[in-house]
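Enquirer: here's a sequence, model it:
(one chain, ligands or ions: 2)
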Amino acid sequence: MSVHIGAKKGDVADKILLPGDPLRAKYIAETFLENVFCYNEVRGMYGYTGTYKGEKISVQGTGMGIPSVSIYVNELIQSYDVQKLIRVGTCGALQQDVKVRDVILASTSTTDSQMNRMVFGGIDYAPPADFNLLKTAYDTGVEKGLNLKVGNVFTSDSFYRDNGKELFELLARYNVLAVEMETTALYTLAAKYNRRALSVLTVSDHVLTGEETSAEERQTTFNDMIEVALETSIK
Ligand SMILES: O=P(O)(O)O[C@H]1O[C@H](CO)[C@@H](O)[C@H]1O
Ligand SMILES: O=c1cc[nH]c(=O)[nH]1
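Expert: Ligands and ions are numbered 1, 2, ... in the order given. Predicted structure coming up:
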């Protein structure tokens, strides 16, 4: 057991999918995995292990934002030796040509979080996706006929903000594709511990047009993203 995960060491696979929403973890486990068992219910942050096409794989909710995802990624790496970590999250689109339900692969992330500035003494570290995971996910998506977008995403410390319009317009001008809340932490911790990480994101709402998906759709569905992540994890 670690502080926030009630699993025995061998209960967690070396590859894992990481949705922010624990009910998305439950949906993924029940819909896509075989031989499934639940290894974590601590704080309702469900974690499951099962098999996908015969390969052992886990799926763990991370909660929202950098502090929460950092707890789970630290414990998954340090206590359970997880090697390959793929976030399956939602995001808000910042570009006109990025549509609701599109799938984005985050090649890097920009953040307003102070976390990395504290770690790197004021330097702006650029957190990268693992190139092999990124290429595999891209090739897998193209094979499935998906119009994947690849690029920079904004990992925000706040979902609600007063100066949103100006900031989002500025980021959009600099080609940032979308806003979410965890990728910077995932990529930075993967680099720190020499693990492989990727964020695969479904656009759940559009910051410019106001179009959005329902809470139920955010919790379930988004199957294109999940299939790309599962296939990438076993290739
Ligand atoms: O759907 P998840 O994976 O939680 O991701 C996005 O949704 C949450 C905000 O609603 C934040 O965690 C953001 O990153
Ligand atoms: O962080 C997020 C996630 C989804 N949609 C947003 O607008 N922001």
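
Enquirer: touching ligand 1 at all, stretch 51-66?
Expert: Yes - judged by Cβ under 6 Å from any ligand atom, stretch 51-66 and ligand 1 are in contact via Met64. C-beta coordinates here come from the backbone N, C-alpha and C atoms, glycine included.

Enquirer: that stretch near ligand 2 at all?
Expert: No - between stretch 51-66 and ligand 2, judged by Cβ under 6 Å from any ligand atom, nothing touches; the nearest distance is 7.8 Å.

Enquirer: now that stretch - C-alpha only, CSV.
Expert: The C-alpha coordinates for stretch 51-66 follow below in CSV (Å, rounded to 0.1, in the frame of the first residue of the first chain):
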residue,chain,number,x,y,z
THR,A,51,-6.2,-7.6,-19.4
TYR,A,52,-6.5,-6.0,-22.8
LYS,A,53,-5.8,-8.3,-25.8
GLY,A,54,-4.1,-10.6,-23.2
GLU,A,55,-1.8,-7.9,-21.8
LYS,A,56,-2.0,-6.9,-18.2
ILE,A,57,-3.0,-3.2,-17.9
SER,A,58,-4.3,-0.9,-15.1
VAL,A,59,-6.5,2.2,-15.1
GLN,A,60,-6.4,4.7,-12.2
GLY,A,61,-8.3,7.9,-11.6
THR,A,62,-6.1,10.8,-10.7
GLY,A,63,-8.5,13.6,-9.7
MET,A,64,-8.3,17.1,-11.1
GLY,A,65,-5.2,19.4,-11.2
ILE,A,66,-1.5,19.2,-10.6
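
Enquirer: next one: that stretch to chain centre, how far?
Expert: Relative to its chain's centre, stretch 51-66 lies at 10 Å (Cα atoms, centre = their mean, to the nearest Å).

Enquirer: so which bits of it are buried?
Expert: With burial defined by 16 or more other Cβ atoms under 10 Å, the residues of stretch 51-66 counted as buried are Tyr52, Lys56, Ile57, Ser58, Val59, Gln60, Gly61, Thr62, Gly63, Gly65, Ile66.

Enquirer: which member of those residues is positioned nearest ligand 2?
Expert: Lowest distance from ligand 2 to these (Cβ to the nearest ligand atom) belongs to Gly65, with 8.8 Å.

Enquirer: so Thr90 touches Leu201, yeah?
Expert: Yes - at 6.6 Å, Thr90 counts as touching Leu201 under the criterion of Cβ atoms under 8 Å.

Enquirer: those two: who's more crowded?
Expert: Legend: neighbour count by other Cβ atoms under 10 Å for Thr90 and Leu201, higher for Leu201 (27 against 22).
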